[in-house]
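A.B. asks: Below is the structure, and that's it, no one-letter string:
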Ligand code: SF4
(Lines give C-alpha, C1' and ligand atoms only; values in the text may rest on other atoms or scores of the structure.)
Protein backbone atom coordinates (compact mmCIF):
# COMPACT_ATOMS: atom_id res chain seq x y z
CA UNK A 1 0.00 0.00 0.00
CA UNK A 2 1.30 3.45 -0.90
CA UNK A 3 2.08 5.79 1.96
CA UNK A 4 -0.29 8.65 2.76
CA UNK A 5 1.96 11.46 1.48
CA UNK A 6 2.21 9.71 -1.90
CA UNK A 7 -1.53 9.03 -2.04
CA UNK A 8 -2.34 12.69 -1.41
CA UNK A 9 0.18 13.84 -3.96
CA UNK A 10 -0.94 11.37 -6.65
CA UNK A 11 -4.57 12.42 -6.13
CA UNK A 12 -3.67 16.11 -6.23
CA UNK A 13 -4.99 16.61 -2.71
CA UNK A 14 -2.01 18.37 -1.14
CA UNK A 15 -1.70 21.41 -3.38
CA UNK A 16 -3.38 23.97 -5.58
CA UNK A 17 -4.05 21.98 -8.74
CA UNK A 18 -7.75 22.91 -8.69
CA UNK A 19 -8.72 19.48 -10.02
CA UNK A 20 -11.14 18.69 -7.19
CA UNK A 21 -12.40 22.24 -7.05
CA UNK A 22 -13.52 21.92 -10.68
CA UNK A 23 -15.22 18.58 -9.98
CA UNK A 24 -16.97 19.89 -6.85
CA UNK A 25 -18.25 23.04 -8.54
CA UNK A 26 -19.61 21.16 -11.55
CA UNK A 27 -21.81 18.84 -9.46
CA UNK A 28 -25.51 19.03 -10.45
CA UNK A 29 -28.69 18.50 -8.45
CA UNK A 30 -29.14 15.18 -10.26
CA UNK A 31 -25.68 14.04 -9.09
CA UNK A 32 -26.61 14.88 -5.49
CA UNK A 33 -29.95 13.07 -5.67
CA UNK A 34 -28.26 10.01 -7.13
CA UNK A 35 -25.84 9.89 -4.19
CA UNK A 36 -28.63 10.38 -1.66
CA UNK A 37 -30.47 7.41 -3.19
CA UNK A 38 -27.48 5.13 -2.42
CA UNK A 39 -27.15 3.33 0.90
CA UNK A 40 -25.24 5.77 3.15
CA UNK A 41 -21.95 5.04 4.89
CA UNK A 42 -19.53 4.11 2.10
CA UNK A 43 -16.67 6.30 0.95
CA UNK A 44 -15.36 7.16 -2.44
CA UNK A 45 -13.70 10.46 -3.30
CA UNK A 46 -16.28 11.03 -6.04
CA UNK A 47 -19.18 10.52 -3.60
CA UNK A 48 -17.68 12.91 -1.04
CA UNK A 49 -17.05 15.52 -3.74
CA UNK A 50 -20.76 15.44 -4.56
CA UNK A 51 -21.88 15.68 -0.93
CA UNK A 52 -19.69 18.68 -0.08
CA UNK A 53 -20.55 20.54 -3.29
CA UNK A 54 -22.45 23.83 -3.40
CA UNK A 55 -25.24 21.90 -5.15
CA UNK A 56 -25.59 19.59 -2.12
CA UNK A 57 -26.03 22.53 0.25
CA UNK A 58 -29.68 22.58 -0.90
CA UNK A 59 -30.15 19.04 0.45
CA UNK A 60 -28.95 19.48 4.03
CA UNK A 61 -32.24 18.37 5.58
CA UNK A 62 -32.19 15.03 3.75
CA UNK A 63 -28.50 14.60 4.55
CA UNK A 64 -29.19 15.37 8.22
CA UNK A 65 -31.93 12.74 8.39
CA UNK A 66 -29.71 10.10 6.79
CA UNK A 67 -26.79 11.00 9.06
CA UNK A 68 -29.00 10.83 12.12
CA UNK A 69 -30.37 7.39 11.17
CA UNK A 70 -26.93 6.02 10.36
CA UNK A 71 -25.33 7.35 13.55
CA UNK A 72 -28.14 5.90 15.66
CA UNK A 73 -27.81 2.56 13.92
CA UNK A 74 -24.03 2.37 14.45
CA UNK A 75 -23.57 4.11 17.80
CA UNK A 76 -26.98 3.90 19.49
CA UNK A 77 -28.37 6.89 21.36
CA UNK A 78 -25.15 7.62 23.20
CA UNK A 79 -22.66 10.49 23.33
CA UNK A 80 -19.29 9.96 24.99
CA UNK A 81 -18.02 12.80 27.16
CA UNK A 82 -14.38 13.64 27.71
CA UNK A 83 -12.38 16.44 29.28
CA UNK A 84 -9.07 17.96 28.14
CA UNK A 85 -6.30 18.47 30.69
CA UNK A 86 -3.75 21.10 29.61
CA UNK A 87 -0.27 20.29 30.91
CA UNK A 88 1.94 23.02 29.47
CA UNK A 89 1.61 26.16 27.36
CA UNK A 90 5.28 26.25 26.46
CA UNK A 91 5.88 25.69 22.75
CA UNK A 92 8.81 25.82 20.34
CA UNK A 93 6.68 26.31 17.23
CA UNK A 94 5.53 29.50 15.56
CA UNK A 95 2.06 28.62 14.31
CA UNK A 96 0.57 31.91 13.18
CA UNK A 97 -2.95 31.03 14.41
CA UNK A 98 -2.13 29.93 17.96
CA UNK A 99 -1.83 31.92 21.18
CA UNK A 100 0.81 29.52 22.54
CA UNK A 101 3.26 30.13 19.69
CA UNK A 102 6.84 30.68 20.70
CA UNK A 103 6.68 34.47 20.11
CA UNK A 104 3.82 34.90 22.58
CA UNK A 105 4.84 37.27 25.35
CA UNK A 106 3.09 35.91 28.43
CA UNK A 107 4.02 33.97 31.51
CA UNK A 108 4.19 30.27 30.60
CA UNK A 109 3.01 27.50 32.87
CA UNK A 110 3.88 23.84 33.23
CA UNK A 111 2.12 21.49 35.58
CA UNK A 112 4.16 19.19 37.79
CA UNK A 113 2.88 15.62 38.01
CA UNK A 114 1.24 16.51 41.34
CA UNK A 115 -0.44 19.61 39.88
CA UNK A 116 -1.68 17.63 36.86
CA UNK A 117 -3.10 14.97 39.19
CA UNK A 118 -4.87 17.60 41.20
CA UNK A 119 -6.59 18.93 38.03
CA UNK A 120 -7.34 15.33 37.02
CA UNK A 121 -8.94 14.70 40.40
CA UNK A 122 -11.41 17.52 39.77
CA UNK A 123 -12.15 16.13 36.30
CA UNK A 124 -12.77 12.69 37.84
CA UNK A 125 -15.05 14.15 40.50
CA UNK A 126 -17.12 15.68 37.70
CA UNK A 127 -17.73 12.13 36.48
CA UNK A 128 -15.32 11.80 33.58
CA UNK A 129 -13.44 8.56 33.00
CA UNK A 130 -12.02 9.58 29.64
CA UNK A 131 -9.30 12.23 29.72
CA UNK A 132 -7.33 13.94 26.95
CA UNK A 133 -3.84 15.23 27.85
CA UNK A 134 -2.97 18.37 25.89
CA UNK A 135 0.29 20.29 25.60
CA UNK A 136 2.25 22.61 23.35
CA UNK A 137 5.43 21.21 21.80
CA UNK A 138 7.36 21.13 25.05
CA UNK A 139 9.41 17.98 24.60
CA UNK A 140 11.97 18.76 27.31
CA UNK A 141 9.36 18.97 30.06
CA UNK A 142 6.32 17.08 28.76
CA UNK A 143 8.59 14.19 27.81
CA UNK A 144 7.76 10.55 27.24
CA UNK A 145 8.93 9.84 30.81
CA UNK A 146 6.70 12.59 32.27
CA UNK A 147 3.68 11.36 30.31
CA UNK A 148 4.32 7.72 31.20
CA UNK A 149 4.58 8.56 34.89
CA UNK A 150 1.42 10.65 34.76
CA UNK A 151 -0.48 7.97 32.82
CA UNK A 152 0.57 5.38 35.40
CA UNK A 153 -1.23 7.40 38.07
CA UNK A 154 -4.22 8.37 35.91
CA UNK A 155 -4.91 4.75 35.01
CA UNK A 156 -6.02 4.17 38.58
CA UNK A 157 -9.02 6.42 37.93
CA UNK A 158 -9.52 6.82 34.20
CA UNK A 159 -10.53 4.00 31.87
CA UNK A 160 -9.22 5.78 28.83
CA UNK A 161 -6.35 8.26 28.34
CA UNK A 162 -5.57 10.02 25.07
CA UNK A 163 -3.00 12.61 24.10
CA UNK A 164 -3.09 15.70 21.92
CA UNK A 165 0.53 16.76 21.91
CA UNK A 166 3.51 16.96 19.54
CA UNK A 167 4.19 14.11 17.08
CA UNK A 168 6.56 11.38 18.30
CA UNK A 169 8.47 8.48 16.86
CA UNK A 170 7.15 4.93 17.12
CA UNK A 171 9.24 4.09 20.20
CA UNK A 172 7.79 7.07 22.05
CA UNK A 173 4.26 6.00 21.23
CA UNK A 174 5.05 2.44 22.22
CA UNK A 175 6.29 3.59 25.63
CA UNK A 176 3.11 5.63 26.13
CA UNK A 177 0.88 2.79 25.00
CA UNK A 178 2.59 0.48 27.48
CA UNK A 179 1.98 3.12 30.18
CA UNK A 180 -1.77 3.10 29.47
CA UNK A 181 -2.32 5.81 26.85
CA UNK A 182 -4.36 4.34 24.03
CA UNK A 183 -5.37 7.17 21.73
CA UNK A 184 -3.93 10.16 19.92
CA UNK A 185 -5.48 13.22 18.38
CA UNK A 186 -3.34 15.16 15.98
CA UNK A 187 -4.55 17.60 13.36
CA UNK A 188 -2.69 18.11 10.12
CA UNK A 189 -4.13 21.65 10.40
CA UNK A 190 -4.23 21.94 6.60
CA UNK A 191 -3.35 19.33 3.99
CA UNK A 192 -2.40 22.01 1.47
CA UNK A 193 1.39 22.20 1.51
CA UNK A 194 1.56 25.87 0.51
CA UNK A 195 -0.81 27.00 3.24
CA UNK A 196 0.87 24.64 5.70
CA UNK A 197 4.25 26.22 5.06
CA UNK A 198 2.82 29.72 5.40
CA UNK A 199 1.09 29.13 8.75
CA UNK A 200 3.95 27.16 10.32
CA UNK A 201 6.58 29.83 10.24
CA UNK A 202 9.22 28.17 12.44
CA UNK A 203 9.87 25.11 14.57
CA UNK A 204 9.79 21.35 14.02
CA UNK A 205 6.12 21.50 13.05
CA UNK A 206 7.17 22.92 9.69
CA UNK A 207 7.92 19.34 8.65
CA UNK A 208 4.68 18.44 6.83
CA UNK A 209 5.88 14.95 5.95
CA UNK A 210 6.79 13.95 9.50
CA UNK A 211 3.41 15.17 10.73
CA UNK A 212 1.34 13.48 8.03
CA UNK A 213 2.84 10.09 8.98
CA UNK A 214 2.21 10.51 12.72
CA UNK A 215 -0.89 8.32 12.88
CA UNK A 216 1.01 5.53 11.13
CA UNK A 217 3.63 5.56 13.87
CA UNK A 218 1.01 5.73 16.62
CA UNK A 219 -1.08 2.90 15.16
CA UNK A 220 2.03 0.78 14.64
CA UNK A 221 2.75 1.26 18.36
CA UNK A 222 -0.74 0.01 19.22
CA UNK A 223 -2.82 3.18 19.67
CA UNK A 224 -6.47 2.27 19.22
CA UNK A 225 -8.03 5.66 18.70
CA UNK A 226 -6.72 7.90 15.96
CA UNK A 227 -8.13 11.42 15.81
CA UNK A 228 -7.59 13.54 12.73
CA UNK A 229 -8.76 17.01 11.76
CA UNK A 230 -8.07 20.23 9.93
CA UNK A 231 -8.11 23.64 11.50
CA UNK A 232 -11.07 25.19 9.74
CA UNK A 233 -10.15 28.62 8.46
CA UNK A 234 -6.62 28.03 7.15
CA UNK A 235 -7.54 26.74 3.70
CA UNK A 236 -10.63 26.14 1.57
CA UNK A 237 -12.71 23.72 3.66
CA UNK A 238 -13.81 21.62 0.70
CA UNK A 239 -10.24 21.01 -0.42
CA UNK A 240 -9.14 20.05 3.10
CA UNK A 241 -12.19 17.81 3.60
CA UNK A 242 -11.30 15.84 0.47
CA UNK A 243 -7.73 15.33 1.70
CA UNK A 244 -8.74 14.50 5.26
CA UNK A 245 -11.22 11.89 4.02
CA UNK A 246 -8.53 10.24 1.92
CA UNK A 247 -6.30 10.18 5.01
CA UNK A 248 -9.10 8.56 7.03
CA UNK A 249 -9.80 5.95 4.35
CA UNK A 250 -6.10 5.08 4.27
CA UNK A 251 -5.87 4.71 8.07
CA UNK A 252 -9.05 2.65 8.30
CA UNK A 253 -7.82 0.24 5.66
CA UNK A 254 -4.29 -0.12 6.96
CA UNK A 255 -4.96 -0.05 10.72
CA UNK A 256 -8.39 -1.64 10.87
CA UNK A 257 -8.05 -2.42 14.58
CA UNK A 258 -8.01 1.29 15.43
CA UNK A 259 -10.98 3.63 15.34
CA UNK A 260 -10.59 6.82 13.32
CA UNK A 261 -12.44 9.96 14.34
CA UNK A 262 -12.87 13.38 12.80
CA UNK A 263 -12.68 16.67 14.69
CA UNK A 264 -13.89 20.02 13.42
CA UNK A 265 -11.85 22.71 15.17
CA UNK A 266 -12.77 26.13 13.84
CA UNK A 267 -10.38 29.00 14.34
CA UNK A 268 -11.16 30.83 17.56
CA UNK A 269 -9.96 34.14 18.94
CA UNK A 270 -6.67 33.61 20.77
CA UNK A 271 -4.14 35.67 22.67
CA UNK A 272 -1.92 37.80 20.38
CA UNK A 273 -3.36 36.29 17.21
CA UNK A 274 -4.77 38.37 14.37
CA UNK A 275 -8.23 37.32 13.22
CA UNK A 276 -7.98 38.08 9.51
CA UNK A 277 -8.18 34.53 8.15
CA UNK A 278 -9.64 34.36 4.67
CA UNK A 279 -11.12 30.86 4.79
CA UNK A 280 -13.32 31.04 7.89
CA UNK A 281 -16.07 28.44 7.84
CA UNK A 282 -19.74 29.25 8.47
CA UNK A 283 -22.09 27.16 10.61
CA UNK A 284 -23.86 25.84 7.52
CA UNK A 285 -20.62 24.86 5.83
CA UNK A 286 -19.41 23.06 8.93
CA UNK A 287 -22.69 21.15 9.17
CA UNK A 288 -22.44 20.13 5.53
CA UNK A 289 -18.88 18.94 6.07
CA UNK A 290 -19.87 16.88 9.09
CA UNK A 291 -22.91 15.32 7.42
CA UNK A 292 -21.01 14.51 4.24
CA UNK A 293 -18.27 12.75 6.22
CA UNK A 294 -20.82 10.75 8.21
CA UNK A 295 -22.57 9.68 4.99
CA UNK A 296 -19.22 8.42 3.69
CA UNK A 297 -17.84 6.89 6.91
CA UNK A 298 -20.50 5.01 8.86
CA UNK A 299 -18.19 3.99 11.72
CA UNK A 300 -16.04 7.07 12.17
CA UNK A 301 -16.13 8.92 15.47
CA UNK A 302 -17.26 12.53 15.17
CA UNK A 303 -15.96 14.86 17.86
CA UNK A 304 -17.17 18.33 18.79
CA UNK A 305 -15.39 20.54 21.30
CA UNK A 306 -16.39 23.49 23.46
CA UNK A 307 -14.93 25.81 20.83
CA UNK A 308 -18.47 25.87 19.45
CA UNK A 309 -21.49 27.77 20.77
CA UNK A 310 -23.91 25.98 23.06
CA UNK A 311 -26.93 26.33 20.76
CA UNK A 312 -24.93 25.09 17.79
CA UNK A 313 -23.65 22.08 19.73
CA UNK A 314 -27.16 21.27 20.88
CA UNK A 315 -28.42 21.29 17.29
CA UNK A 316 -25.62 18.97 16.15
CA UNK A 317 -26.04 16.49 18.99
CA UNK A 318 -28.56 14.30 17.25
CA UNK A 319 -27.13 14.42 13.76
CA UNK A 320 -23.78 12.71 13.72
CA UNK A 321 -21.74 13.51 16.84
CA UNK A 322 -20.36 10.64 18.92
CA UNK A 323 -18.06 12.45 21.35
CA UNK A 324 -18.21 15.82 23.11
CA UNK A 325 -15.93 17.68 25.45
CA UNK A 326 -17.62 19.47 28.34
CA UNK A 327 -16.67 21.89 31.09
CA UNK A 328 -13.29 22.37 29.40
CA UNK A 329 -10.49 24.57 30.69
CA UNK A 330 -7.91 25.32 28.02
CA UNK A 331 -5.15 26.57 30.31
CA UNK A 332 -2.78 24.53 32.50
CA UNK A 333 -4.12 24.40 36.06
CA UNK A 334 -7.48 25.78 34.92
CA UNK A 335 -9.58 23.23 36.79
CA UNK A 336 -8.05 23.77 40.19
CA UNK A 337 -8.23 27.54 39.76
CA UNK A 338 -4.67 27.83 41.06
CA UNK A 339 -3.47 29.30 37.84
CA UNK A 340 -4.25 32.40 35.84
CA UNK A 341 -2.20 30.96 32.99
CA UNK A 342 -2.98 31.85 29.38
CA UNK A 343 -5.55 29.70 27.58
CA UNK A 344 -4.88 28.34 24.10
CA UNK A 345 -8.15 29.65 22.69
CA UNK A 346 -11.44 30.94 24.02
CA UNK A 347 -14.16 28.38 24.55
CA UNK A 348 -17.72 29.20 23.54
CA UNK A 349 -19.70 26.67 25.56
CA UNK A 350 -19.00 27.05 29.28
CA UNK A 351 -21.75 24.80 30.59
CA UNK A 352 -20.73 22.37 33.31
CA UNK A 353 -20.43 18.65 32.55
CA UNK A 354 -23.56 18.07 34.60
CA UNK A 355 -25.51 20.63 32.58
CA UNK A 356 -24.20 19.05 29.38
CA UNK A 357 -25.32 15.61 30.50
CA UNK A 358 -28.78 17.10 31.14
CA UNK A 359 -28.89 18.54 27.63
CA UNK A 360 -27.97 15.14 26.20
CA UNK A 361 -30.67 13.47 28.27
CA UNK A 362 -33.28 16.00 27.17
CA UNK A 363 -32.35 15.20 23.59
CA UNK A 364 -33.37 11.58 24.26
CA UNK A 365 -29.80 10.33 24.44
CA UNK A 366 -27.46 8.99 27.07
CA UNK A 367 -24.21 10.61 28.19
CA UNK A 368 -21.42 8.04 28.49
CA UNK A 369 -18.54 9.09 30.71
CA UNK A 370 -16.35 6.12 30.00
CA UNK A 371 -14.87 4.84 26.76
CA UNK A 372 -16.30 1.33 26.80
CA UNK A 373 -14.36 0.27 23.71
CA UNK A 374 -11.13 0.97 25.55
CA UNK A 375 -12.34 -0.68 28.74
CA UNK A 376 -13.13 -3.96 27.04
CA UNK A 377 -10.30 -4.10 24.54
CA UNK A 378 -7.65 -6.68 25.41
CA UNK A 379 -4.10 -5.43 25.63
S1 LIG B 1 -0.75 25.01 17.57
FE2 LIG B 1 0.34 23.64 18.93
S3 LIG B 1 2.39 23.50 18.04
FE4 LIG B 1 1.44 25.36 17.16
S5 LIG B 1 2.08 27.03 18.51
FE6 LIG B 1 0.09 26.26 19.25
S7 LIG B 1 0.63 24.78 20.85
FE8 LIG B 1 2.44 25.14 19.60
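C.D. replies: It's in. Model, not experiment: these values are computed from the prediction.

A.B. asks: Helices of the stretch 151-300 of the chain, residue ranges please.
C.D. replies: 170-179, 193-199, 208-212, 214-220, 237-254, 283-296 (DSSP state H, counting those that start in this stretch).

A.B. asks: buried stuff in the longest strand seen in the chain?
C.D. replies: Longest strand in the chain, counting residues (DSSP state E): strand 78-88. Neighbour-count burial for strand 78-88, counted by 16 or more other Cβ atoms under 10 Å, picks out 79, 80, 81, 82, 83, 84, 85, 86, 87, 88. Every residue, glycine included, has its C-beta placed from N, CA and C.

A.B. asks: what do you get for stretch 6-25?
C.D. replies: So for stretch 6-25, counting by 16+ other Cβ under 10 Å, buried means 7, 8, 13, 14, 15, 20, 24.

A.B. asks: Would you mind measuring the gap between the ends of that stretch?
C.D. replies: Criterion Cα to Cα, to the nearest Å; first-to-last residue distance in stretch 6-25 is 25 Å.

A.B. asks: Please apply the same query to stretch 39-55.
C.D. replies: For stretch 39-55, the end-to-end distance is 20 Å (Cα to Cα).

A.B. asks: contact partners of it?
C.D. replies: 11, 20, 23-25, 27-29, 31-32, 34-35, 38, 56, 63, 66-67, 69-70, 74, 238, 241-242, 245-246, 248-249, 288-289, 291-299 (Cβ atoms under 8 Å, 6 or more residues apart in numbering).

A.B. asks: of these, buried ones?
C.D. replies: 20, 24, 27, 31-32, 35, 56, 63, 66-67, 70, 238, 241-242, 245-246, 248-249, 288-289, 291-298.

A.B. asks: which secondary structure elements does the longest strand of the chain contact?
C.D. replies: In terms of contacts (3 or more Cβ pairs under 8 Å, 6 or more residues apart in numbering; DSSP states H and E), strand 78-88 is packed against helix 113-125, strand 130-135, strand 160-164, strand 323-325, helix 353-362, strand 366-368.

A.B. asks: repeat that for 6 Å
C.D. replies: helix 113-125, strand 130-135, strand 323-325, strand 366-368 (3 or more Cβ pairs under 6 Å, 6 or more residues apart in numbering; DSSP states H and E).

A.B. asks: Check the residue of the stretch 201-350 of the chain found nearest the ligand and give its pLDDT.
C.D. replies: Residue of the stretch 201-350 of the chain nearest the ligand, by Cβ to the nearest ligand atom: residue 205 (5.2 Å). In this prediction, residue 205 carries a pLDDT score of 98.

A.B. asks: what does residue 240 give?
C.D. replies: Residue 240 carries a pLDDT value of 98.

A.B. asks: residue ranges with poor pLDDT in the protein?
C.D. replies: Residues of the chain meeting the criterion pLDDT under 70: 269-275, 338-346, 371-379.

A.B. asks: got the residues of it near the ligand?
C.D. replies: Proximity of the chain to the ligand is confined to 91, 93, 95, 98, 100, 101, 136, 137, 205 under the rule Cβ under 6 Å from any ligand atom.

A.B. asks: The second one reaches residue 201, doesn't it?
C.D. replies: What that stands for is residue 93. No: using Cβ atoms under 6 Å, residue 93 is not in contact with residue 201, being 8.5 Å away.

A.B. asks: Which of the two has more residues huddled nearby?
C.D. replies: Remark: of residue 93 and residue 201, residue 93 carries more neighbours, 18 against 15, as counted by other Cβ atoms under 10 Å.

A.B. asks: residues contacting the residue nearest to that one when sequence neighbours are not counted?
C.D. replies: Spatial nearest neighbour of residue 93, chain neighbours left out: residue 203 (3.3 Å); criterion: Cβ to Cβ, 6 or more residues apart in numbering. Each residue near residue 203 by Cβ atoms under 6 Å, 6 or more residues apart in numbering is listed here: 92, 93, 94.

A.B. asks: Make a markdown table out of those residues and add secondary structure and distance to residue 183.
C.D. replies: A markdown table is the format used below for those (DSSP: H, G, I helix; E, B strand; the rest coil; distance: Cβ to Cβ, whole Å):
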| residue | secondary structure | distance to residue 183 |
| --- | --- | --- |
| 92 | coil | 24 |
| 93 | coil | 22 |
| 94 | coil | 28 |
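
A.B. asks: Just name the closest of these to the ligand, please.
C.D. replies: Within the contacts of residue 203, proximity to the ligand (Cβ to the nearest ligand atom) peaks at residue 93, which comes in at 3.9 Å.

A.B. asks: Spatially nearest residue to residue 89 (excluding sequence neighbours)?
C.D. replies: residue 100 (5.0 Å).

A.B. asks: Count the neighbours of the one you found for me.
C.D. replies: Residue 100 has 28 nearby residues by other Cβ under 10 Å.

A.B. asks: in what helix or strand does it lie?
C.D. replies: Element membership of residue 100 [criterion: DSSP states H and E] is none; it lies in no helix or strand.
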